Every structure is written in structure tokens, then in C-alpha cells.
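A.B. asks: Give me coordinates for this.
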Amino acid sequence: MQGPAFSGWLLAHDMRATRFSGFRKSGFLRSGALMAAGLLLNVSAPGFAAGQTARAPAQHPSAPHSSTPHPAARKEHPRHAPAPASPAAAPARARTAPGTPAKSPARTTAQPPVQTPPAQTAPVPPPPQPGTTPRKKLTRPERIAALADQLVQAKTPEDAQRLEARLEELRAHGLSPTTQLLLRRAEKDSQADKPDDAVEDLGDALALQPDKAILWRSRAQMRLAAGDYAGAITDLGESLQRDSRDARSWGLLSTVEEQRKDAPAALKAWQKVLELNPMADKNHKRLDALHIKAFGQPT
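C.D. replies: Below you'll find the predicted structure:
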């Protein structure tokens, strides 16, 4: 064929022929084949996936190709060692200081929330109702006075006896164990017809608790049994000075004055008894008898 295209092809063919012929003389083709094989091997290596660039071992262009590696190349070069795994492919590990053993992550379990019990508070008393006043606790003298007022208003002898029994309990309240022991001993002496010993026992009890009116009345009763009227009147005066609303002390004083043959004094003391306890002489039999002794038979 003739034309510019044909001559251009021949010219390009001649240039390639000239280039490749020059490469054959310099060994370029042989070295290029080795480089291609090395690239294929390095691509398949693990380090290549991590972004490392594989390089073929450098050979002299004029060195003959041999399948046996050089003895110096048998040692694994650090460049060809397996690269560490990529951070994206392996799980993240905690960084530890050199020489410190790695610690496994502590297992944590979900704990239920701790519930704090509510603080206990003292119960608040309910507010007083409108129109009412809180009840005040009475003292022992106030309770004695309240029972004495009820005794004055007693309608039957049974009610009066019940109130007098409660009054005796309040008057004996507060006696020490030693005083109670001396009282029991005095009662035994009185039952054994030993009034003088009973008076001595009660004197010891009064030395321990002289403020107790009931002890003065008890010794006056023992002195009356022993025939000591003056001593009995003195003790009753001490008792009534401490508890002037004691109907039993006034009744004992009336008896002592009657034994002393002082009918007007006995009548006056008995009238005081009736003021404090009307049920003590409901039919006024003793009152009439003492009136006759004091003023004679009415005409």
C-alpha cells in the first residue's frame, strides 16, 4: 500500500523495533519481568492489605536470574515481616505500660438502686378539739382532795367505804420498804397484845418518814391501846396538821377524848367526822349518844 498512513506505520514500527532492540541489549526486558513477578508476590502478602508498599529485592541488571536466594537474603528483613493487624480489623486494646500484664475488663453487673427507708418521726398528737381543754394529770395531794370531795357527796355507806379505801391507798403511797416492814411488825405486836412494842416500831418508822400523816395516826392508835391518851392526842394533832381532811383521824380523836371523859371534845370531833363523811353515822346514833354525854338527857 502507498500513502501517508503506510509510511507512518512503518515509521512507528521502526521506532518500536529500535526501542525494544535497545532494551534487549541493556537487559530491560529481563529485569522488567522480575519486577512484575515481585509485584504480584507483594500484593498477595498480608502487609500489602495494610497499605504497605511492597518492593522487589534489588538486583543488578547484569546479574543472572536464579531461583536460589542469596544467603544474605535468607534472613527475614524487617521490611518483609508481617505487618500488625489494622486497627479497623482487630478490636481495640487498652494501652498498658511496658512490663505491665494486661488486665481483663472487669465484669460489672447491674445493681438495683438502694432504697433508703423513710426517716421515722415521732407521732404527732392530734390537736385538741375546739372547746375542750387537755386533761392535766393530778398530783397525789390533788387526788386526795378530789376523793375527799366525793366522800362528802356519797349517798350510800358502800360508796363511802369504797372512797375511804381509795383514800387509804393514796395516803400510804410512797412508803419505803423499810417503813412498810416496820408497819407490819407493829401490827403483829398489836395482835400479840404488845402495844408498847408496836409504839416503838412505829416510832422507828416516823424517824424514817416523818412527813407521812398516816404514820402519826397509826402510832396514836397504838398509844390509845397502851393507855397513853396524852401521847395519842399529840400524835393525832401531828396527823391532822398534815392532812386535815382525814375523817379517820377525826374519828380516832373523838374516841380518845371519850376515853378521857371529855364528852364535849369527843362530840366536837365527831361532828367533824360527819362533815367529811356523812355516811359514817347515817342514823346519828353516835351523835345523839355523845350529845347526851356532853349536855345530859334533854327534858
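
A.B. asks: domains for this protein, by residue range?
C.D. replies: Taking automatic domain parsing as the criterion, the chain consists of the domains 11-41, 146-295.

A.B. asks: okay, these, which one's buried deepest?
C.D. replies: Using mean count of other CB atoms under 10 Å, the stretch among the domains of the chain with the greatest mean number of neighbours is domain 146-295 (a mean of 17). (C-beta placed from N, C-alpha, C; glycine too.)

A.B. asks: Show me what the mean pLDDT comes to for that domain.
C.D. replies: The average pLDDT within domain 146-295 is 96.

A.B. asks: Please shift the residue numbers so they start at 23 in all later answers.
C.D. replies: That works, and once the first residue is 23, the last one we named lands at domain 168-317.

A.B. asks: mind checking the end-to-end distance for that domain?
C.D. replies: 36 Å (CA to CA, to the nearest Å).

A.B. asks: try stretch 280-288
C.D. replies: Between the opening and closing residues of stretch 280-288 lies a distance of 5 Å (CA to CA).

A.B. asks: just stretch 247-255 next, same as before
C.D. replies: Looking at stretch 247-255, the gap from its leading to its trailing residue is 13 Å under the measure CA to CA.

A.B. asks: quick one: the helices in the protein?
C.D. replies: Counting by DSSP state H, the chain has these helices, from start to end: 26-48, 50-66, 68-71, 162-174, 179-194, 199-213, 217-230, 235-247, 251-264, 269-281, 285-298, 307-317.

A.B. asks: and the fifth one, what does it pack onto?
C.D. replies: Read it as helix 179-194. Counting by 3 or more CB pairs under 8 Å, 6 or more residues apart in numbering; DSSP states H and E, the packing neighbours recorded for helix 179-194 are helix 162-174, helix 235-247, helix 269-281.
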